[in-house]
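**Q** sequence unavailable; structure follows:
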């Protein structure tokens, strides 16, 4: 069995953002040479997320508005923030949106359903972060 590991570096200019990383993951799949297997994409930070959905800007705004309603930014509203942080909400948003995705690799391509893309969700941005891409197969 072959394997390929890569790290996508990302730095958003905004505190909250959703970034389509499908092309970067596909590039790593091409580099791997793997034709059949699995591709794991994982946010390596506890205040950001990786998820699969539709590449539609209005939907992305809906996601950000929805998680803000569920876990609003509030410097004094979270016990975590008593440690000197201000990102208690970001930890909760990450839990809601998910840590990672696994996509089947078939004939050297990510085996998506219609309209599916891989996204990085940032909830405490404006600094350097990493996304792990781990591909295994033949």
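**A** Everything's here; your move. None of the values given here were measured: they were computed from a predicted structure.
**Q** now residue 51: closest residue in space that isn't a chain neighbour?
**A** Once its chain neighbours are removed from consideration, residue 51 has its nearest residue in residue 98; the separation is 4.9 Å (CB to CB, 6 or more residues apart in numbering). Every residue, glycine included, has its C-beta placed from N, CA and C.
**Q** how many other residues sit next to the one you found?
**A** Using other CB atoms under 10 Å as the criterion, residue 98 is surrounded by 14 other residues.
**Q** ok, it - contacts?
**A** If a contact means CB atoms under 8 Å, 6 or more residues apart in numbering, then residue 98 has 49-51 as its contacts.
**Q** in strands, which of those residues appear?
**A** The strands, defined by DSSP state E, take in 49-51 from the contacts of residue 98.
**Q** put together CSV for those, with pLDDT and neighbour count on each row.
**A** Listed next are the ones in strands among the contacts of residue 98 as CSV, based on pLDDT from 0 to 100; neighbours: other CB atoms under 10 Å:
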residue, pLDDT, neighbour count
49, 98, 25
50, 98, 24
51, 98, 19
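**Q** of the residues you listed, closest to residue 71?
**A** Of all the ones in strands among the contacts of residue 98, residue 71 sits closest to residue 49, with 12.2 Å by CB to CB.
**Q** and residue 27, that one's in a helix?
**A** Yes - when classified by DSSP: H, G, I helix; E, B strand; the rest coil, residue 27 is found to be part of a helix.
**Q** need the strands for the protein, in chain order.
**A** Along the chain, the segments classed as strands by DSSP E run 2-10, 17-20, 37-43, 48-54, 100-106, 109-110, 116-122, 129-137.
**Q** re the thing from before, of the contacts of residue 98, closest to residue 80?
**A** Closest approach to residue 80 among the contacts of residue 98 (CB to CB): residue 49, at 17.1 Å.
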